[in-house]
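# Need coordinates for the following:
(one chain, ligands or ions: 1)
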Amino acid sequence: MPLHWVHEHHFPDSPTLVHALSGEIKVDLEEAIGERGACSLVVSGGRTPRALFEQLRTEALDWTKVWIALADERWVETTSPDSNEYLVRETLLQDLAAAAHFIGLKNPAPKPEAGAEWASRALTRVPRPFDVVVLGMGEDGHTASLFPGSLALARGLDPAAVPGCIAVNALTAPHARLSLNLSALLDSRRIILYIEGEAKRHVYLRARVPGTVAEYPVRAILHQRTVPVDVFWAP
Ligand SMILES: O=C(O)[C@H](O)[C@@H](O)[C@H](O)[C@H](O)COP(=O)(O)O
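Coordinates of the predicted model:
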């Protein structure tokens, strides 16, 4: 049974999805700049969004008015290929998009816990509500770095929490991480869940069914009605 407030967009292949999604994000950001003089885009890392970033950076936008932030980050040096900042700098902050403002999450704090406080302060520089938040999903139903079984999950999903960043040490996740909490992710005008492949489609179909967010944290995004959610999927 589809969630009638979640709009699903299925594409025959990844390039077709990437072209369509890049164009939609461009329109959203352009409208935000026209209405408010600036805009904000929060993106996730991982493998899926690379081609989207490479397409998005070619879009004709006034990138000097675009603020880009991360939904989560691995607690590694930003020179590491495992770093989401590294991915964004290599694939998105190039060409026309090199003029955008970027707020990373990794910082000089000695540990993720202190780093989360630093990152929460840094995020206050990004125009809120975020205009577009692009989330991925793992095959375990995690999104951002809100992982099932993580000791930080309850805190990350607390709807009463101040929007910000939390430190995450999930046994199933390589690296300690920082993640925007649910309050921060929902402090947005539009959420796009971008997933590819049959395995993730089956996880999504299960997460669409009401159940515990502990089982599939992505349910916290799919089953809320504060922010419109669009799911973009290709095989
Ligand atoms: O830091 C990260 O890894 C991401 O932010 C994470 O939430 C990602 O979106 C999913 O793990 C899917 O990753 P893939 O696109 O690599 O499958």
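# rest of the way, CA atoms for contacts and neighbours
OK.
# D230 is in contact with H7, correct?
Yes - using CA atoms under 8 Å, H7 is in contact with D230, at 4.7 Å.
# could you pull out the helices for the chain?
Using DSSP state H, the helices of the chain run over 14-36, 50-56, 84-91, 112-123, 153-157, 182-185, 198-208, 219-222.
# Any chance of those in CSV with mean neighbour count and distance to L135 as columns?
What follows is the helices of the chain, written out as CSV (neighbours: other CA atoms under 10 Å; distance: least, CA to CA, whole Å):
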stretch, mean neighbour count, distance to L135
helix 14-36, 17, 13
helix 50-56, 20, 12
helix 84-91, 22, 13
helix 112-123, 19, 17
helix 153-157, 20, 15
helix 182-185, 23, 9
helix 198-208, 16, 13
helix 219-222, 22, 10
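# okay, these in CSV with distance to A100 next?
As requested, those are exported to CSV (distance: least, CA to CA, whole Å):
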stretch, distance to A100
helix 14-36, 12
helix 50-56, 12
helix 84-91, 11
helix 112-123, 15
helix 153-157, 28
helix 182-185, 21
helix 198-208, 31
helix 219-222, 27
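# could the ones you listed be laid out in CSV, adding distance to A167 and mean pLDDT?
Output for the helices of the chain, formatted as CSV (distance: least, CA to CA, whole Å; pLDDT from 0 to 100):
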stretch, distance to A167, mean pLDDT
helix 14-36, 29, 98
helix 50-56, 25, 98
helix 84-91, 15, 98
helix 112-123, 5, 97
helix 153-157, 9, 97
helix 182-185, 13, 98
helix 198-208, 24, 98
helix 219-222, 18, 98
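# how close does W118 get to the ligand?
Noted for W118: a distance of 18 Å to the ligand, by CA to the nearest ligand atom, to the nearest Å.
# Kindly apply the preceding question to S188 instead.
Distance, S188 to the ligand, by CA to the nearest ligand atom: 17 Å.
# Tell me who's in contact with P2.
R208 (CA atoms under 8 Å, 6 or more residues apart in numbering).
# Which residues are in contact with the closest residue in space to A173 that isn't next to it in sequence?
Counting by CA to CA, 6 or more residues apart in numbering, A173 lies nearest to F147, which is 7.9 Å off, once chain neighbours are set aside. F147 is in contact with D140, G141, L153, A170, T172, A173, P217, counting by CA under 8 Å, 6+ apart.
# roughly how far apart are the closest residue to the last one other than its chain neighbours and the ligand?
Nearest non-adjacent residue to P217, counting by CA to CA, 6+ apart: H142, 5.3 Å away. Relative to the ligand, H142 is positioned 6 Å away (CA to the nearest ligand atom).
# Check A119 too.
For A119, the distance to the ligand - CA to the nearest ligand atom - is 15 Å.
# I figured that residue hits A109, correct?
No - counting by CA under 8 Å, A119 does not reach A109; the two are 9.6 Å apart.
# where do the contact lists of the two overlap?
Here A119 and A109 share no contacting residue, scored by CA under 8 Å, 6+ apart.
# Buried residues in stretch 104-111, which are they?
G104, L105, K106, N107 (16 or more other CA atoms under 10 Å).
# Equivalent analysis for stretch 158-174, please.
Neighbour count says stretch 158-174 has P163, G164, C165, I166, A167, V168, N169, A170 buried, by 16+ other CA under 10 Å.
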